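[1] mind folding the following:
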Amino acid sequence: MTKSRKPNGDSTIYQAKDGRWHGYVTVGVKDNGSPDRRHVTRKTRPEITKAVRDLEAKRDKGKVPKAGQRWTVESWLTHWVENIAALTVGENTIDGYRVAVYHHLIPGLGAHRLEKLEPEHLERLYAKMQKAGSSAGTAHQVHRTVRVALNEAVRRKAITENPATIAKAPVLDETEVEPYSVEEVQRLLLEAAKVRNTARWVIALALGLRQGEVLGLQWEDVDFEAGVILVRRGRLRPRYKHGCGDRCGRRPGYCPTKINIRRETKSTKSKAGKRPIGVPEELMKLLAQHKETQDRERLRARDLWVEKGYVFTSEVGEPLNPNTDYHRWKDLLKAAEVRDARLHDARHTAATVLLILGVPDAVVDAIMGWEPGKSARMRRRYQHMTSPVLQQTAAKVGGLLWPAPPNADDAPVPAQPTTPADADVDSTATEADHEPNSDPSMLFVACLDERRIPFLRRAHAQALVEQWGSEQPGRVAGVEEWDRTERESDGPAESRVARDRLPERRMVFHAFAVFRPGGERVDLAMPEQWAVTAWDFETDLYTDRPVSWRTTRRPGRDQLVEAQVRGTDKDAVIGAYTLAKAQAVDRAQNPGKYGDASDW
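    Next up is the predicted model:
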């Protein structure tokens, strides 16, 4: 009688010549396609039978570790933080991971086999850290880091379960943030006026920008005409290496010839973080004064000045170091005799001010750079905030932090000057300005394509429609009547501020060119220079300045550099265009000279 053969893949048990029992279990397939057979050995038949059945049960539940390298906690965490996490997270995040891995986890748990790590090992580490003086917040950071690292180990089948999902981190007491009062803010503003970079602290207290966002601001992000700051990047903390070959015996940050190995800025980490913010008129004037002061510093520094375009710099043009900026904040608190607080608490103060003023939640989210609420309609509505919303909010913040002087309401209102370009329009406005509103409960809205410009008087709305329509043949223009009470409470934000006079209009001259790396001009198949008639609500075209120009590097693989000029003085625009093109060519050829990142 012939012996029946077991099917391929069945487990095998046999006794060797030395008396020990051996078992082989097929648990899967190796990377090369061959069966993954695991071996166990025991002294007796019952023991080997139990071991084989246990291994088969793990196989059936998918809990058999992947064949290959047998990781220790140290080897896995080192591999994860340097080869996996470093490629997928931002610079600040990886810095936190490295501190947790190299300063806490590896010294405390590194010798354990990865598959033998237990939740109790982690909990004892957290307790040991706190006894040594670490805060509960630090223990939580370590806990979050090891949980992320071991989740990746589970995904890659280096282990079957993550003990960090079972381990309990210490209780974290969240301290209540106490924002500064308006009186404290005003004291800080008075003291800030006595120090260098005054506007830096005013922005923190009035607008609530994060430290990195303020220090990452460049002049191209400040639109003096529209009264808006565009937040789109953040300053990174420098990371240094020795410039002396590690011969000075100091830490890299204290080396006399240290070299910064990290880029200066990075883009905001979320879409909500990239945002326009309306700036109070007083703060915009302060920024203009700051720009003039910086120009004088540039002249004094001469050849030492490094032009990188930052709003807030050192005395030689370099971007401010976040650590230095922090100590300046502490000095300001002492000088103003205000209670000590984190620099980030100034941001909480600004958010509280906005809420006190009754600014809608969605607008507060947009100003502060928070993720929008759950309402998709509100998210779409405020994703690109219109100028009226920005200016309303800016006026409210300005009125709270810079109160009007006594009897300001009795002061005469200066007349608004007109220009030859809109003289024909203002003739209509002169008659309408003295015409009473026939129905105070109504708004008269000039509908110009997608734009809605509300007026208190029908004559103004009709005059704008006729003038704009004549300049834009084929475009939709008309006048609508809206119930004012209903619109002010429930209507779109841009309809809540009604004009009492016609908007201003200018003839604006433009010039534009694009250059490739190396300085080669790009053929755009469009006019090099052109002129348009622009109204003040057409913020992408309108300006009342004789000339302004700038060069910018476009994000993307092509690394193109733009030269942009516009203004109301044609001769000045032509002259500035020559300068802008020369700088654009130089910027295309020497990106490092202008602080452009190497990984655009």
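
[2] switch to C-alpha atoms for all contacts and neighbour counts from now on
    OK.

[3] dump the residue contacts of Ile13.
    21-24, 48-49 (Cα atoms under 8 Å, 6 or more residues apart in numbering).

[4] what is the neighbour count of Thr533?
    17 (other Cα atoms under 10 Å).

[5] who does it bridge with?
    Met507 (DSSP bridges).

[6] can you pull the contacts of it?
    Contacts of Thr533 by Cα under 8 Å, 6+ apart are 471, 505-508.

[7] of those residues, buried ones?
    Among these, those classed as buried by 16 or more other Cα atoms under 10 Å are 505-508.

[8] can you name the two of those residues that are farthest apart?
    Arg505 and Val508 (9.2 Å; Cα to Cα).

[9] which among the contacts of Thr533 gets closest to Ile84?
    Val508 (52.0 Å).

[10] so how far is Ser548 from the closest residue to the closest one other than its chain neighbours?
    Spatially, and ignoring its direct neighbours in sequence, Val508 is nearest to Thr568 (4.8 Å; Cα to Cα, 6 or more residues apart in numbering). Remark: distance between Thr568 and Ser548 (Cα to Cα, to the nearest Å) = 9 Å.

[11] more crowded one of the two?
    Between Thr568 and Ser548, counting by other Cα under 10 Å, Thr568 is the more crowded of the two (20 against 17).

[12] and the gap between the more buried one and Ser470?
    On the measure of Cα to Cα, Thr568 and Ser470 end up 21 Å apart.

[13] also Gly212?
    For Gly212 relative to Ser470 (Cα to Cα), the value is 47 Å.

[14] more neighbours: which of those two?
    Neighbours were counted for Gly212 and for Ser470 using other Cα under 10 Å; Gly212 has more, 19 against 12.

[15] output the lowest mean pLDDT helix or strand found in this protein.
    When each helix and strand of the chain is scored by mean pLDDT, DSSP states H and E, helix 376-383 comes last, with a mean of 33.

[16] show me where pLDDT drops low in the stretch 101-250 of the chain?
    Filtered on pLDDT under 70, the stretch 101-250 of the chain yields the residue ranges 173-178.

[17] helices of that one, start to end?
    106-109, 119-131, 136-155, 182-192, 198-207, 211-215 (DSSP state H, counting those that start in this stretch).

[18] closest one to His460 among those?
    Per Cα to Cα, nearest to His460 of those: helix 198-207, 34.2 Å.

[19] okay, the contacts of Thr533 in CSV with distance to Leu87 and pLDDT next?
    Output for these, formatted as CSV (distance: Cα to Cα, whole Å; pLDDT from 0 to 100):
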residue, distance to Leu87, pLDDT
Glu471, 53, 79
Arg505, 51, 85
Arg506, 50, 85
Met507, 50, 89
Val508, 47, 89
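
[20] neighbours of Leu541, how many?
    Leu541 has 19 nearby residues by other Cα under 10 Å.

[21] begin at 39 from here
    OK, 39 is where the count begins now, so the last one is Leu579.

[22] for His498, see how far away the spatially most central residue of the chain is.
    By Cα atoms, centre = their mean, the chain has its centre lying nearest to Thr306, at 2.4 Å. Applying Cα to Cα, the value for Thr306 to His498 is 42 Å.

[23] surely Pro357 touches Leu253?
    Yes: the criterion here is Cα atoms under 8 Å, and Pro357 meets it with Leu253 at 7.0 Å.
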